[in-house]
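Student: model the structure of this input:
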Amino acid sequence: WEKHIGLSKAFWRYATPLMKDTFGEGFDFTPEDVYGAVNFVAPSLIRVEADELTYPLHVILRYEIETDVIEGNLDIKDVPERWNKDMKEFLNVDVPSDADGCLQDIHWSAMAIGYFPTYLIGSATAAQIAYHCKKDIPDFEQLVEQGQFSKIREWLTDKIHRHGQRYKSLDDLLEAQLGEKLNPKYFIDYLTKKYSDLYKL
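Tutor: Numbers count the residues shown, from 1 in each chain. Model (predicted):
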């Protein structure tokens, strides 16, 4: 919902007139203006403030650091230096302090080691689900543009939500309901097409 509908061009064709009604004549923006604004891409210091295109780099950075710590290839005392180096290399961002760097998340202090990759798995899963939903609902974009979400919600309920913990793994769920295991290709294709079109690359 959040990414594949809430950040879509079709959604902002639906929502922009509602915003104009709410904010009045001072809100002088087109759906294309708002769509571009909510999908603006820029390197960021803080993971939870990152756009969906650069967000994966934040996850990869954390995963590589925690992997090296667990495998004994990186001392804890060297994490801040490594973090700062990787932020510069991955995102060209300078880190002003550890509070805004390696201490910005609660995960490691709570011993949630290995948790960060689940965010990226979620993004890849969402892209794959969205692909199959659009395949099964050919008028998906038109429905979103009209603010008609019930058919999409019903599809999600049938394919995903109603199963709860029925399946032993995510792959089992996806294979049973979509016909294939998790495939990152859909997420890569989604990002490539969306941002190539948005930035006219």
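
Student: what packs against the one helix or strand Val79 maps to?
Tutor: Here Val79 sits within helix 79-91, counting by DSSP states H and E. Judged by 3 or more CB pairs under 8 Å, 6 or more residues apart in numbering; DSSP states H and E, helix 79-91 is in contact with helix 55-70. (C-beta placed from N, C-alpha, C; glycine too.)

Student: elements contacting the helix it packs on?
Tutor: If you count contacts as 3+ CB pairs under 8 Å, 6+ apart, helix 55-70 packs onto helix 79-91, helix 117-136.

Student: off-centre distance for it?
Tutor: 16 Å (CA atoms, centre = their mean, to the nearest Å).

Student: strands along the chain, start to end?
Tutor: Counting by DSSP state E, the chain has no strands to list.

Student: Val15: neighbour count?
Tutor: One correction, residue 15 is Ala, not Val. 18 (other CB atoms under 10 Å).

Student: ok so, going back, can you put the helices and strands packed on helix 55-70 in a markdown table and add mean pLDDT, distance to Lys9 and mean neighbour count?
Tutor: Formatted as a markdown table, the helices and strands packed on helix 55-70 follow (pLDDT from 0 to 100; distance: least, CB to CB, whole Å; neighbours: other CB atoms under 10 Å):
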| stretch | mean pLDDT | distance to Lys9 | mean neighbour count |
| --- | --- | --- | --- |
| helix 79-91 | 98 | 26 | 16 |
| helix 117-136 | 97 | 13 | 17 |
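
Student: export stretch 153-165 as PDB, just CAs?
Tutor: Taking Å, rounded to 0.1, in the frame of the first residue of the first chain, the C-alpha atoms of stretch 153-165 are listed here in PDB:
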ATOM      1  CA  ARG A 153      -7.700  -5.100  -0.900                       C
ATOM      2  CA  GLU A 154      -9.800  -8.200  -1.700                       C
ATOM      3  CA  TRP A 155      -7.000  -9.600  -3.900                       C
ATOM      4  CA  LEU A 156      -4.400  -9.100  -1.100                       C
ATOM      5  CA  THR A 157      -6.700 -10.700   1.400                       C
ATOM      6  CA  ASP A 158      -7.200 -13.700  -0.800                       C
ATOM      7  CA  LYS A 159      -3.600 -14.200  -1.800                       C
ATOM      8  CA  ILE A 160      -1.700 -13.000   1.300                       C
ATOM      9  CA  HIS A 161      -3.400 -11.700   4.500                       C
ATOM     10  CA  ARG A 162      -5.900 -14.500   5.200                       C
ATOM     11  CA  HIS A 163      -3.200 -17.200   5.300                       C
ATOM     12  CA  GLY A 164      -1.500 -15.800   8.400                       C
ATOM     13  CA  GLN A 165       1.100 -18.400   9.500                       C
END
